[in-house]
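> I'd like to go over a predicted model; first the sequence, then the structure.
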Amino acid sequence: MTARRKATGIALAGVAPLALTVLTASPAAAHGSMTDPVSRVSACYAEGPESPRSAACKAAVQVGGTQALYDWNGVRDGNAGGKSKEKIPDGKLCSAGNATYKGLDLPRADWPSSRMRAGRHTFHYKATAPHKGSFELYLTKKSYDPAKPLKWSDLESTPFAKVTDPKLTNGEYVFDGTVPARSGRQLIYSIWQRSDSPEAFYTCSDVVFGKAGGRVAGATAKSAPTASAPSDAQIAAGAGKSSMDMSHHGHRAAGGHTGTVHAASADSPAVGGGSDATGNAPRPDGGTKPAGGRRLAETGGDSSTAPLAVSGAAVLALGAGVLVATTRRKAARSRG
């Protein structure tokens with residue numbers, strides 16, 4: 001083997017592990033959650049993962065741990081492909097069948113709730129990574145019992161609101177819908193199905209029509225706390241403990257809007273003022289397999305993901321070229 005070939009081999013061997021590290025070290029990307037009406041996971045995150053105030057959020061943490069709340073924007077199925085009703089089993093709608101979020105499936109009549117009334121309502125969905133797609137909102141039937149596990153049959157068969165590529169304003173998707181008449185405690189279920197990937201996101205928002213804590217079928221609900229959406233400061237404070245990548249989402253949506261959320265440093269205080277807890281290390285993206293060869297569902301990226309990967313590869317290739325050239329010069333000097 002000539003000195004030149006040997007140098008090239010050494011350079012490439014040294015760069016290859018670096019390339020693999022760069023391309024595989026990124027945490028999973030997440031996309032958002034309903035903030036009006038406030039979703040369960042958003043409400044509990046706003047209370048503070050380490051020390052939630054409400055009984056329902058405390059129970060959710062006891063069952064599923066705090067990481068699910070730090071990952072408030074990742075309740076998803078990477079390969080939903082428009083078949084949510086077929087893929088998510090009854091009793092696991094709020095977790096989307098993901099065991100990480102199993103605490104959200106607890107049947108209770110005291111989840112933090114938002115006041116709701118029939119008629120026109122403007123919905124808000126916090127998007128930490130905007131993507132093209134459609135939203136469908138379903139309301140529970142009049143017979144809904146929050147003390148029992150939520151089933152698909154508890155929801156109306158057709159969505160009361162459906163919108164494709166809604167306007168993105170200040171990092172939130174904003175769209176209108178006409179809410180049917182109901183009374184007492186109900187639930188609004190949202191499905192955000194991406195059109196550029198099989199990935200879909202889900203939320204359960206507990207709502208109360210009429211008097212707070214009103215009568216519900218089959219259960220006597222005590223007055224539940226009012227749900228609050230997390231502030232931008234709370235989102236930034238907890239980003240360091242999230243296993244979701246919220247620091248690089250400048251994905252451009254329709255109309256030229258972006259919804260970038262900048263992550264706080266690891267030294268930032270935890271949301272809710274809690275201290276660091278064990279078991280909150282970043283986790284992989286649930287092992288989702290690519291559908292049809294597309295890895296968008298795994299990474300949470302959009303059409304900008306591939307160019308980013310190519311750019312990274314180009315940088316590594318450039319580094320390899322510099323290393324090879326340097327080695328060649330040294331070899332030439334030694335021969336002289």
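Nice, I can see it. These numbers were taken from a predicted model, which means no experiment stands behind them. Numbers count the residues shown, from 1 in each chain.
> quick one: contacts for residue 56?
40, 44, 106, 108, 110, 111, 112, 224 (CB atoms under 8 Å, 6 or more residues apart in numbering). Just so you know, the C-beta spots here come from the backbone N, C-alpha and C atoms, and that holds for glycine as well.
> if you set the cut-off to 10 Å instead, what comes out?
40, 43-44, 47, 103-104, 106, 108-113, 206, 224-225 (CB atoms under 10 Å, 6 or more residues apart in numbering).
> find the nearest non-adjacent residue to residue 166, please.
Nearest residue to residue 166 in three dimensions, chain neighbours excluded: residue 175, at 3.9 Å (CB to CB, 6 or more residues apart in numbering).
> again, but for residue 162
residue 136 (5.0 Å).
> now that neighbour: which helix or strand?
Remark: residue 136 resides in strand 133-139, with elements defined by DSSP states H and E.
> that strand pairs with which strands, parallel or anti?
According to DSSP bridges, strand 133-139 forms sheet pairs with strand 161-164 (antiparallel), strand 184-194 (antiparallel).
> okay, it in PDB with CA atoms only?
Taking Å, rounded to 0.1, in the frame of the first residue of the first chain, the C-alpha atoms of strand 133-139 are listed here in PDB:
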ATOM      1  CA  GLY A 133     -51.200  18.900   7.400                       C
ATOM      2  CA  SER A 134     -54.800  18.800   8.600                       C
ATOM      3  CA  PHE A 135     -56.400  19.100  12.000                       C
ATOM      4  CA  GLU A 136     -59.600  17.300  13.000                       C
ATOM      5  CA  LEU A 137     -61.400  18.000  16.300                       C
ATOM      6  CA  TYR A 138     -63.900  15.600  17.800                       C
ATOM      7  CA  LEU A 139     -66.200  16.200  20.700                       C
END
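> tell me the average confidence for stretch 51-62?
Throughout stretch 51-62, pLDDT has a mean value of 97.
> and stretch 78-88, by the same measure?
96.
> count of neighbours near residue 155?
20 (other CB atoms under 10 Å).
> so who does the residue lying closest to it once chain neighbours are set aside touch?
Once flanking residues are discounted, residue 155 sits nearest to residue 138: 4.3 Å by CB to CB, 6+ apart. By CB under 10 Å, 6+ apart, the residues touching residue 138 are 93, 152, 154-162, 187-191.
> so the closest residue in space to residue 44 that isn't next to it in sequence, which of the three states?
Leaving out its chain neighbours, the residue that sits closest to residue 44 by CB to CB, 6+ apart is residue 57, at 3.8 Å. For residue 57, the assignment made with DSSP: H, G, I helix; E, B strand; the rest coil gives helix.
> residue contacts, residue 57?
40-41, 43-49, 51, 69, 103-104, 110-112, 225, 227.
> stretch 66-82: end-to-end distance?
End-to-end span of stretch 66-82 (CA to CA, to the nearest Å): 29 Å.
> just the buried residues of it, please?
In terms of neighbour count (16 or more other CB atoms under 10 Å), stretch 66-82 has its buried residues at 66-81.
> tell me the two of the contacts of residue 56 that are most distant?
47 and 109 (17.9 Å; CB to CB).
> between those two, which one's more packed in?
Ranked by neighbour count (other CB under 10 Å), residue 47 and residue 109 place residue 47 first, with 25 against 21.
> show me where the stretch 101-250 of the chain has its helices.
Using DSSP state H, counting those that start in this stretch, the helices of the stretch 101-250 of the chain run over residues 232-238.
> under the pLDDT cut-off, which ranges of it? List them.
211-223, 245-250 (pLDDT under 70).
> tell me where it has strands.
Applying DSSP state E, counting those that start in this stretch to the stretch 101-250 of the chain gives strands spanning 114-116, 119-127, 133-139, 161-164, 167-169, 172-179, 184-194, 200-209, 244-245.
> partners of residue 193 in the sheet?
Per DSSP bridges, the residues bridged to residue 193 are residue 134, residue 200.
> same check, this time on residue 119
residue 179.
> how many neighbours does it have?
Counted with other CB under 10 Å, residue 119 comes out at 10.
> so what's it up against?
177, 178, 179, 180, 181.
> and the third one, what does it touch?
For residue 179, the contacting residues are 37, 116-121, 123, 137, 139, 160-161, 186, 188, 207, 209, by CB under 10 Å, 6+ apart.
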